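S.K.: Build me a model:
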Amino acid sequence: MSTAQAEAETFWHRCRETLGLPAQTRWRTRRLGNSPDVCATLLDLIASGAKTGTFSLLAEFEQTGQAAPVAGEYLLITDYDHRPRCCVRLDRVELRPFDQINEEWINVEGPALRELGAWRDLHREYWSRMLAGWGLEFAPDTPVLCQRFGPPFCP
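M.R.: Predicted structure coming up:
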């Protein structure tokens, strides 16, 4: 077991015990952001309650062979170096085409991305690069997993 995995197991055990969750509760680690600064900013927004959700391309899970997130499971949000910093429960997961994501959904973002045009521009650019790395193209109907989570637990 790697150091990151051992740290995640220890962190999850502490979260599970504190929150009174059964041993079979589903959980996974998740890093948000593609740089140390972006990860730190997103973690701060989650810990403060200003960011209450996130978005992922369905293709990300298809390409990596990982299971897509489901409502009811817990995410251990990590820093850029994969050290867990916060725990959230996914309350809602919905698959939508990119061009069908609306203001209700982007309201889960941090304050800087709660304007639909800005949100679309940033994510279109980011996801276009991600998909190109797999030989895929971004399209307006690209499937996106919209994920809303509950209050953070950041011991």
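S.K.: So what's the residue count around the spatially closest residue to residue 1 that is not a sequence neighbour?
M.R.: Setting aside the residues directly before and after it, residue 1 is nearest to residue 9 in space (Cβ to Cβ, 6 or more residues apart in numbering), at 7.6 Å. Backbone N, C-alpha and C define where each C-beta goes, glycine included. Residue 9 has 15 neighbouring residues, counting by other Cβ atoms under 10 Å.
S.K.: repeat for the one 5 residues further on
M.R.: Counted by other Cβ under 10 Å, the residues lying close to residue 14 total 14.
S.K.: Next up, the contacts around it.
M.R.: The contact partners of residue 14, by Cβ atoms under 8 Å, 6 or more residues apart in numbering, come to residue 155.
S.K.: From residue 95, how far out is it?
M.R.: Taking Cβ to Cβ, to the nearest Å as the measure, residue 14 and residue 95 are separated by 32 Å.
S.K.: just the helices in the chain please.
M.R.: Using DSSP state H, the helices of the chain run over residues 3-19, 36-48, 58-64, 103-106, 116-132.
S.K.: Let me have those helices in CSV, extended by distance to residue 150 and mean pLDDT.
M.R.: Supplementary listing: these in CSV, determined by distance: least, Cβ to Cβ, whole Å; pLDDT from 0 to 100:
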stretch, distance to residue 150, mean pLDDT
helix 3-19, 11, 93
helix 36-48, 11, 95
helix 58-64, 22, 95
helix 103-106, 16, 94
helix 116-132, 22, 96
